[in-house]
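In: any chance you can model this:
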Amino acid sequence: QVQLVESGGGLVQAGGSLKLSCVASGSIFRIDDMGWYRQAPGSQRDLVALITAGGRTNYAESVNGRFTISRDNAKNTVYLQMNSLKPEDTAVYYCNAEIRTKTSPLVEKPYWGQGTQVTVSS
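Out: Numbering: from 1, shown residues only. A predicted model of the protein is given here:
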């Protein structure tokens, strides 16, 4: 079984910073793309940032230049550094990873974390 566990959410004032972490554990053969998504109340879950196994990144336009995604492949961990936070960044942030398990190394499946709340006050 594979688990993704996020941490680092919380309450911060506008203009502040937070760093989210997500650790993948379990019977992992390989992790491909890793990403962060967010969902505000009454809204759909949207992509925030994505990073490939090789380190290529992609960002939502709304966070480009303020957020930085990175990963530590040795630790099966992905990070999201969030700077210059705005009230509109308030949402539950979810970690996602495309993972091949040791029991099914040819099959790539998406896994999700439980989510971590980020609240930005004005």
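
In: tally of neighbours for R38?
Out: 23 (other C-beta atoms under 10 Å). All C-beta spots, glycine's among them, are computed from the backbone N, C-alpha and C.

In: ugh, wrong one, I meant T103
Out: 9.

In: and for Y111?
Out: That count, for Y111 with other C-beta under 10 Å as the rule, works out to 19.

In: which SSE is it in?
Out: strand 108-112 (DSSP states H and E).

In: could you pull out the strands for this structure?
Out: Here the chain has its strands, by DSSP state E, at 2-7, 10-13, 18-26, 28-39, 46-51, 57-59, 67-72, 77-82, 91-101, 108-112, 116-121.

In: spatially central, which residue of this protein would that be?
Out: W36 (2.7 Å; C-alpha atoms, centre = their mean).

In: state the pLDDT value of that one.
Out: Note on W36: pLDDT of 98.

In: related to what we said a few turns ago, helices and strands around the strand holding Y111, which ones?
Out: strand 2-7, strand 91-101 (3 or more C-beta pairs under 8 Å, 6 or more residues apart in numbering; DSSP states H and E).

In: remind me which residues of the protein are low pLDDT?
Out: Low-confidence segments of the chain (pLDDT under 70): none present.
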